[in-house]
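> Generate coordinates for the sequence data below:
(2 chains)
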Amino acid sequence: MEMYSPKTRSTQIFVQELPDELVVYDVERNEVHCLNGTAARVWTLCDGNRSVAEMAQMLGADCAPEEAETLVWLALEQFSDKHLLEETSLPSLHAPVDMSRRRMMLQLGLVVSLLPMVDSIIAPPAALAQSPAPGCTPAPTGMGPGGCTTL
Amino acid sequence: MTPAHFDRIDCPLALSVMAYGVRVGVQTNDPLILSELVEHLPPGSATGELSEAGRLYSLVVDADDGTGRSRTTLCVDDTVLVRSSTLPACLRVFAADLQIHVAEMAPERVFVHAGVVGYRGHAILLPGRSFAGKSTLVRELVRAGAEYYSDEYAVLDSAGDVHAYPRPLTIRNDRGAGVTKHAAPTHGRPPLPVGLVVMSQFRSGGEWRPRRLSPGRGALALLANTVAARRIPEIALTTLQQIVTRVPVISSERGEASAVVEPIFELAAQT
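Below is the predicted model of the structure:
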């Protein structure tokens, strides 16, 4: 069976490095993603040449190898959901069968801080980032904090 | 009204407007309106004779609508923005459209929708969507001794410093109409480095429980209020990075603005 080597998108993407985080702007969708430390490390390892097992080895997470591999898969799952991988979907045959988040949380127990997290928003169109003219009514509800729709 | 109709209207009164490096043209056929148009220009605008301009606003008063009443039409280039029997309605749309155009297109500034006050040589940024209570919080901070910088935009330069956006502080009444409460600051206010960012949302009875956002989440929160986020995401993020990696970004809901003034000053003093 061919080894799965995921690759993050490199076109229509702008990446801003922050201390132990990455902010990724998807120009195609005007979506902005904040990757926490674990997700950011997985992101940098997704070069299309490394297998998931190799990425897990290089992750440097303070946990068992199996758990590290699950962390990588969890990050990949989020990258895929948010259209940040070259592939349109993850190869399900390769993914572990016990990928449910609930089980993951139980497995990882006290090391929840290791979980990869990707927070996302939609970048606002210019007209949203302004107070309405006097006499206008409040913006419609359903918007996230900061005047944008959260994903 | 079609663009062709506009071609037949004589607009002899025209001027060029420059604001934050963005040039537009403004023209009208009514001499009484021109001064009102000037009063609705963005803060810091300079006017001159109409020359080559990017966007062209045309405000035309047309009395020949068959009813004996005048009608005012506002166009941007060939597009009708609003047509109304009342001039103030057109002027409000003109002011709002021009303000957002300048904020989006300014070549050397990043505009973040935020209230701003100065405190001990640093700026406190209060980003937030409309009706989050920014102006009310700005007013309370100013009453308690902070310097007024803006209740609409934090105007950031490439170093991440904040420039004043000198328009009068405007507090809406219950019906949403603006009521000016505070005079505009002088143009001499110096740019300030940011010392604190406070994301707060008013909720009646809301409890002040500040938590610090990570730099990445802080960047997302600021970008969500950045006017040109879609047009210049790289420049916007690079500018915001200089803020979120240097100063705390605090988030909390709040109740009455007066109750959080001291806690905000304490946080600002710590940085």
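
> what about residue B:31, distance to chain A?
Per CB to the nearest CB, to the nearest Å, residue B:31 is found 25 Å from chain A. In this view, the C-beta of every residue, glycine as well, is placed from N, C-alpha and C.

> Report the separation between the closest residue to that residue other than its chain neighbours and chain A.
Closest residue to residue B:31 apart from its sequence neighbours, by CB to CB, 6 or more residues apart in numbering or on different chains: residue B:13 at 5.9 Å. Using CB to the nearest CB, residue B:13 is found at 24 Å from chain A.

> Contact partners for residue B:13?
When contacts are counted by CB atoms under 8 Å, 6 or more residues apart in numbering or on different chains, residue B:13 is found next to B:27-31, B:33-34.

> Considering the residues you listed, which possesses the most neighbours?
residue B:28 (23 neighbours; other CB atoms under 10 Å in any protein chain shown).

> In stretch B:40-59, which residues are buried?
Neighbour counts over stretch B:40-59 (16 or more other CB atoms under 10 Å in any protein chain shown) mark B:40-45, B:50, B:53, B:55-59 as buried.

> From the residues you listed, which one has the minimum pLDDT?
Of all the buried residues of stretch B:40-59, residue B:53 carries the smallest pLDDT score, 65.

> Determine which two of the contacts of residue B:13 are furthest apart.
Farthest pair in these (CB to CB) is B:27 and B:31. Separation: 11.9 Å.

> on that earlier part again, any chance of the contacts of residue B:13 in a markdown table, with secondary structure and distance to residue B:102 too?
Listed next are the contacts of residue B:13 as a markdown table, based on DSSP: H, G, I helix; E, B strand; the rest coil; distance: CB to CB, whole Å:
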| residue | secondary structure | distance to residue B:102 |
| --- | --- | --- |
| B:27 | strand | 18 |
| B:28 | strand | 19 |
| B:29 | coil | 24 |
| B:30 | coil | 24 |
| B:31 | helix | 25 |
| B:33 | helix | 20 |
| B:34 | helix | 19 |
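
> ok, so of these, who is nearest residue B:217?
For those, the nearest to residue B:217 is residue B:27 (45.8 Å; CB to CB).

> ok, now how distant is that closest one from residue B:33?
In this view, residue B:27 and residue B:33 are 10 Å apart by CB to CB, to the nearest Å.

> again with residue B:72
When distance is defined by CB to CB, residue B:72 is 8 Å away from residue B:33.

> if I look at these two, which residues touch both of them?
Contact criterion CB under 8 Å, 6+ apart; residues shared by residue B:72 and residue B:33: B:59, B:61, B:87.

> Among those residues, name the ones in helices.
Using DSSP state H, residue B:87 are the members of the shared contacts of residue B:72 and residue B:33 that sit in helices.

> how about stretch B:115-130: buried residues?
B:115-119, B:122-130.

> With stretch B:262-270 instead?
Buried positions in stretch B:262-270, judged by neighbour count with 16+ other CB under 10 Å: B:264-265, B:267-268.

> how distant is it from the center of its chain?
Relative to the centre of its chain, stretch B:262-270 is centred 26 Å away, using CA atoms, centre = their mean, to the nearest Å.

> ok, and what's touching it?
With CB under 8 Å, 6+ apart as the criterion, stretch B:262-270 contacts B:119-120, B:122, B:124, B:141, B:144, B:146, B:195-196, B:198, B:208, B:210, B:248, B:250.

> So which of the buried residues of stretch B:115-130 reach chain A?
Checking the buried residues of stretch B:115-130 against chain A by CB under 8 Å from any CB of the partner chain, the ones in range are B:127-130.

> what's the closest of the residues you listed to chain A?
Closest approach between those and chain A, by CB to the nearest CB: residue B:129, at 2.9 Å.

> and residue A:112, how many neighbours does it have?
Residues lying near residue A:112 (other CB under 10 Å) number 10.

> swap in residue B:217?
Using other CB under 10 Å, residue B:217 has 22 neighbouring residues.

> Surely it touches residue B:249?
Yes: here residue B:217 reaches residue B:249: they are 7.5 Å apart, a contact under CB atoms under 8 Å.

> re earlier: so which of the buried residues of stretch B:115-130 comes closest to residue B:168?
residue B:115 (13.1 Å).

> Bridge partners for that closest one, pull those for me.
On the basis of DSSP bridges, residue B:115 is bridged to residue B:126.

> the helices in chain A, which residues?
For chain A, the helices defined by DSSP H occupy A:37-45, A:52-59, A:65-81, A:101-108.

> Spatially central, which residue of chain A would that be?
residue A:118 (3.8 Å; CA atoms, centre = their mean).

> list the contacts for it?
Counting by CB under 8 Å, 6+ apart, residue A:118 makes contact with A:33-36, A:39, A:75, A:78-79, A:82.

> So for residue A:107, what's the pLDDT?
On the pLDDT scale, residue A:107 is placed at 60.

> ok so, going back, tell me the one among the contacts of residue A:118 nearest to chain B.
In terms of CB to the nearest CB, no member of those lies closer to chain B than residue A:34, at 3.8 Å.

> List the contacts of the closest one.
By CB under 8 Å, 6+ apart, residue A:34 lies in contact with A:21-24, A:118-120, B:214, B:216-217, B:219-220.

> Kindly reformat the residues you listed as a markdown table containing distance to residue A:5 and pLDDT.
Below are those laid out as a markdown table (distance: CB to CB, whole Å; pLDDT from 0 to 100):
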| residue | distance to residue A:5 | pLDDT |
| --- | --- | --- |
| A:21 | 24 | 97 |
| A:22 | 20 | 97 |
| A:23 | 25 | 98 |
| A:24 | 20 | 98 |
| A:118 | 20 | 97 |
| A:119 | 26 | 97 |
| A:120 | 25 | 97 |
| B:214 | 30 | 97 |
| B:216 | 26 | 98 |
| B:217 | 30 | 97 |
| B:219 | 30 | 98 |
| B:220 | 29 | 97 |
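
> in terms of contact, does residue B:222 touch residue B:241 like I think?
No: using CB under 8 Å, residue B:222 is not in contact with residue B:241; the gap is 9.8 Å.

> So between the two, which is more surrounded?
Per other CB under 10 Å, whichever of residue B:222 and residue B:241 has more neighbours is residue B:222, with 30 against 20.

> what about that one, which SS state?
Secondary structure, DSSP: H, G, I helix; E, B strand; the rest coil: residue B:222 is helix.

> Nearest spatial neighbour of it, chain-adjacent residues omitted?
Nearest non-adjacent residue to residue B:222 (CB to CB, 6+ apart): residue B:240, at 4.8 Å.
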